[in-house]
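just coords:
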């Protein structure tokens, strides 16, 4: 079945640093999404991408739909303490089910 | 108003018992889902319903039985609970079956002793 490989699995950074994470797939997707999960909460959608090459921003967050349609990237600029959490990529191929990556756990040292 | 609400938030029970988790969405969405998140935080889809019809049924033990009385509700009943069923179960909804944007509930943490 479809699998997503998300990296890194965890990140420990200083407040104010920029963050980059990515997701790769063995299959072509036509939708890429990035979610964030805070402790004790459900995942919340951050950014949705629908076209290869698309670059979309949401505040300090920027995500890109890779040209090959097999990868996506999420960048966070100037991290702040509330950015702490687990970030998930998710992809969908046509009407297939949404597949999630393993998550990137972000920890920020003040 | 909570968009996707599930109850209970916490559930502690003994092996062999039967339990249910309820989910309701007030977003007017057609599609609802159950996901299981294990201790490593991996999110795996279990079931999906579109307008009360089952459209996704992953390889889940038949001890798990979803039920959608209407498109705003999707409940999950689990029979003969096992230790390995301990996890956080998330309900989610989306406008339609092809939409990528899922709206998740807060999760129901099930602990089987």
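That came through fine. Note that the coordinates shown come from a computational prediction; the quantities given were computed from them, not determined experimentally.

give me the number of residues near residue A:37?
21 (other CB atoms under 10 Å in any protein chain shown). Where you see a C-beta, it was placed from the backbone N, CA and C, and this is true even at glycine.

just residue A:7 next, same as before
15.

kindly report the same for residue A:14.
Count around residue A:14 with other CB under 10 Å applied: 9.

which residues touch it?
A:108-109 (CB atoms under 8 Å, 6 or more residues apart in numbering or on different chains).

could you measure from it over to chain B?
Distance of residue A:14 to chain B, given as CB to the nearest CB, to the nearest Å: 24 Å.

check residue A:90 too.
Residue A:90 is 7 Å from chain B, where distance means CB to the nearest CB.

would you mind listing what in chain B touches chain A?
Residues of chain B found near chain A (CB under 8 Å from any CB of the partner chain) are B:4, B:40-45, B:48, B:56, B:58, B:90, B:92, B:97-98, B:100-107.

most proximal residue of chain B with respect to chain A?
Distances between chain B and chain A by CB to the nearest CB are smallest at residue B:104, namely 3.1 Å.

ok, that residue touching residue B:90?
Yes - between residue B:104 and residue B:90 there is a contact at 5.2 Å, judged by CB atoms under 8 Å.

what about chain A, any weak spots by pLDDT?
Residue ranges of chain A with pLDDT under 70: A:1-2.

flag every residue of it that's near chain B.
Residues of chain A lying close to chain B (CB under 8 Å from any CB) are A:31, A:33, A:35, A:37, A:40-45, A:48, A:50, A:86, A:88, A:90, A:92, A:94-95, A:97-98, A:100, A:102-103, A:105.

helix or strand with the lowest mean pLDDT in chain B?
The helix or strand of chain B with the lowest confidence, counting by mean pLDDT, DSSP states H and E, is strand B:53-57 at a mean of 89.

tell me the pLDDT of the residue nearest to the spatial centre of chain B.
Nearest residue to the geometric centre of chain B (CA atoms, centre = their mean): residue B:34, 3.1 Å. On pLDDT, residue B:34 comes in at 96.

cool, and residue B:60?
On pLDDT, residue B:60 comes in at 84.

find the nearest non-adjacent residue to it, please.
residue B:46 (5.0 Å; CB to CB, 6 or more residues apart in numbering or on different chains).

mind checking pLDDT for the one you found?
94.

give the contact list for it.
Applying CB under 8 Å, 6+ apart, we find residue B:46 in contact with B:33-36, B:58, B:60, B:64, B:66, B:76.

ok, of these, which come out buried?
Buried members of the contacts of residue B:46, counted by 16 or more other CB atoms under 10 Å in any protein chain shown: B:33-36, B:60, B:64, B:66, B:76.

tell me which two in those are the farthest apart.
Spatially, the most separated pair among the buried ones among the contacts of residue B:46 is B:33 and B:64, at 13.3 Å (CB to CB).
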